[in-house]
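Participant: Okay, sequence plus prediction incoming.
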Amino acid sequence: MTRDSYRLTTLLLPAGIFFAAFFLLPLAQLFHIGLTGKQGWGAYTAIVTDRNYFSSLVSTLGLAAATTAATLIISGIAGVFLQRNRFPGNGALVAMLTFPLAFPGVVIGFMVIMLAGRQGLIGDVSRWLTGDKIVFAYSMAGLFMGYVYFSIPRTILTVMAAAEKLDPKLEEAARSLGASTWRVVLDVIIPGLKPAFISAGAICFATAMGAFGTAFTLATRINVLPMVIYTEFTLEANIATAAALSFVLGAVTWVVLAVARTAAGSTVAAAG
Amino acid sequence: MKRGAAFYAQLAFTLLVCAFLIAPVILSILAGVTVNYQSGIQSGFTLRWVFAVWDGYRDTIFLSIGISLACLAGTLILGVPAAYALAKRQNAFSRALEELLVMPVAVPGLATALALIVTYGGAGGFRTSWSFILVGHILFTLPFMVRSVLAVLSAIDLKTLEEGAASLGASFWQRFFHIVLPNCRGGILAGSLMVVTLSMGEFNMTWLLHTPLTKTLPVGLADAYASLRLEIGSAYTLVFFLMIVPLLVALQWLGQARQAKFVAEDE
């Protein structure tokens, strides 16, 4: 069997070499470049010591947290409902809710513009109703809407898969013991879906932390970390800072996913 | 069965979420074929914008198809053997490797792209060719291929199948090509669709990796959104939908077919 073991290693080798050459080595290089700026190690602490970077970090974290909370609530309600109730059109609704699954960030940004942009639907409806044209696509609110849009399809899929495995007998038991609908939701359904919520929530969070396409389409001045990194790199040509900030961003995102995976006790599916 | 108020409240909520997701898609499709979106669809329908996109951005479409197919070839060659090796060797090392392979998905594309640029940006011919983008795409999609194949391999009784073949004298490579590969067809197919779809839409990395001569479809989209009129951006999005929707439908269909098969086997 030792020869087979060699052969198995051979099978792993191409992926391993590719990965080492094009991911591990570049990341090490990125870390190194981050140190070559004027500030040295200061580039890595700048994210908390520099007031501008720190404020982008805080707003990025806030955006990610808000996106996660909103997506989990929306997808939790819709996902459990669609899993529990069979009615004509159920399949069509599921297909529609998961349709935007593979839209890239730029397209999501454009969808937000179609809804809340200068020629958007929300503006038209609000002008018709109140005479005021509501336009919020090119701001943090638009970005929030875009990330929720992006995260709903994959979260609904995760919630539905988890809801399928919930035992309806537990709910029946709770009801027969006199629990109200709210108590059943709080004490039976939500705890049962907790691992799914943690893993799906981690992906929402990571997406909102690191995604770039949506913000890029909406407005380059939105104060989130990926846009700051992009500006430092292209407009300021401040490569050391861009490298340090993106290394920190990568590390934070990766840690969030790793912690969630441990907490959920199952594998967190990767984000698109 | 009688349905209460709670049912209808939840149904209304779900329909609202549906409208939120689908309304902009419909609006953008309409805008792409409307003469003047500002004055509404009364201005009439036209294919003018779609032709304008074809004239201006044809190259990005072909480049994206090319890169996504090359990316598929790359993930098949690197990912399928790796998944098999990972499935066979369940130890701390293989688990760590599996964990590492998923990292390019967890780490923001922007960071990965910057890392590639600071490391290989000096390599002139490589930096300016489309293979630079391809490397990024393979990094990002490889985990999806490995995961998909690995899921199938851990669901079947690989050990018995292989022992049976080995007892009949099949060599390691005969077993790999005639037992293992045919058995993980489903996983390879699902992984392939995922890889092509993701590669086709990848923007986070590609925006930094591309050069003026290597623009992919999403890069062209960002370009069009930023600088051209809404109708052209919409028509371009329409073209993107036409390319990606068949892939998505195939993925959903495959998922349902597999679920149905598992259910049937359970009964």
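Facilitator: Perfect, I can see it now. Residues are numbered from 1 along each chain as shown, chains lettered A, B, ... in the order given.
Participant: only C-alpha atoms for contact and neighbour calcs from this point on.
Facilitator: Will do.
Participant: which other helices and strands contact the longest helix anywhere in chain B?
Facilitator: Under DSSP state H, the helix in chain B containing the largest number of residues is helix B:48-88. Helix B:48-88 makes packing contacts with helix A:2-19, helix B:92-106, helix B:130-155, helix B:185-201, helix B:217-227, helix B:230-266 when contacts are defined by 3 or more Cα pairs under 8 Å, 6 or more residues apart in numbering or on different chains; DSSP states H and E.
Participant: a markdown table for the ones you listed, including mean pLDDT?
Facilitator: Conversion of the helices and strands packed on helix B:48-88 to a markdown table gives the following (pLDDT from 0 to 100):
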| stretch | mean pLDDT |
| --- | --- |
| helix A:2-19 | 83 |
| helix B:92-106 | 81 |
| helix B:130-155 | 89 |
| helix B:185-201 | 89 |
| helix B:217-227 | 86 |
| helix B:230-266 | 76 |
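Participant: Okay, helices next: where are they in the stretch 1-150 of chain A?
Facilitator: Secondary structure of the stretch 1-150 of chain A (DSSP state H, counting those that start in this stretch): helices at A:2-19, A:25-35, A:42-49, A:51-84, A:90-98, A:105-116, A:121-130, A:140-165.
Participant: Residue B:31: which of those is closest?
Facilitator: Distance to residue B:31, taken as Cα to Cα, is lowest for helix A:105-116 among the helices of the stretch 1-150 of chain A, at 9.3 Å.
Participant: Throw the helices and strands packed on helix B:48-88 into TSV and include mean neighbour count and distance to residue A:147, thanks.
Facilitator: Listed next are the helices and strands packed on helix B:48-88 as TSV, based on neighbours: other Cα atoms under 10 Å in any protein chain shown; distance: least, Cα to Cα, whole Å:
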stretch	mean neighbour count	distance to residue A:147
helix A:2-19	16	29
helix B:92-106	17	16
helix B:130-155	23	20
helix B:185-201	22	16
helix B:217-227	21	17
helix B:230-266	17	19
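Participant: To residue B:49, which of these lies closest?
Facilitator: Proximity of the helices and strands packed on helix B:48-88 to residue B:49 was assessed by Cα to Cα; the nearest stretch is helix B:230-266, lying at 5.3 Å.
Participant: For the closest one, name the packing helices and strands.
Facilitator: On a contact count with 3+ Cα pairs under 8 Å, 6+ apart, helix B:230-266 meets helix B:5-32, helix B:48-88, helix B:185-201, helix B:217-227.
Participant: Could I get the buried residue list for whichever helix or strand residue B:175 is part of?
Facilitator: Residue B:175 is located in helix B:172-175, with elements delineated by DSSP states H and E. Buried residues in helix B:172-175, defined by neighbour count with 16 or more other Cα atoms under 10 Å in any protein chain shown: residue B:175.
Participant: all helices for the stretch 151-272 of chain A, in order.
Facilitator: In chain order, the stretch 151-272 of chain A shows helices spanning A:168-176, A:181-184, A:190-210, A:213-218, A:225-234, A:239-264, with DSSP H, counting those that start in this stretch as the criterion.
Participant: Switch these over to a markdown table; also include mean neighbour count, mean pLDDT and distance to chain B.
Facilitator: Putting these into a markdown table (neighbours: other Cα atoms under 10 Å in any protein chain shown; pLDDT from 0 to 100; distance: least, Cα to the nearest Cα, whole Å) gives the following:
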| stretch | mean neighbour count | mean pLDDT | distance to chain B |
| --- | --- | --- | --- |
| helix A:168-176 | 13 | 85 | 15 |
| helix A:181-184 | 14 | 83 | 10 |
| helix A:190-210 | 24 | 88 | 5 |
| helix A:213-218 | 26 | 88 | 6 |
| helix A:225-234 | 21 | 87 | 7 |
| helix A:239-264 | 21 | 83 | 5 |
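Participant: my guess is residue B:115 meets residue A:24, correct?
Facilitator: No. With contact defined as Cα atoms under 8 Å, residue B:115 does not reach residue A:24; the gap is 9.3 Å.
Participant: more crowded one of those two?
Facilitator: Under the neighbour definition other Cα atoms under 10 Å in any protein chain shown, residue B:115 and residue A:24 were set side by side, and residue B:115 has more, 26 against 19.
Participant: Relative to residue A:248, how far out is that one?
Facilitator: Applying Cα to Cα, to the nearest Å, one obtains 13 Å for the distance of residue B:115 from residue A:248.
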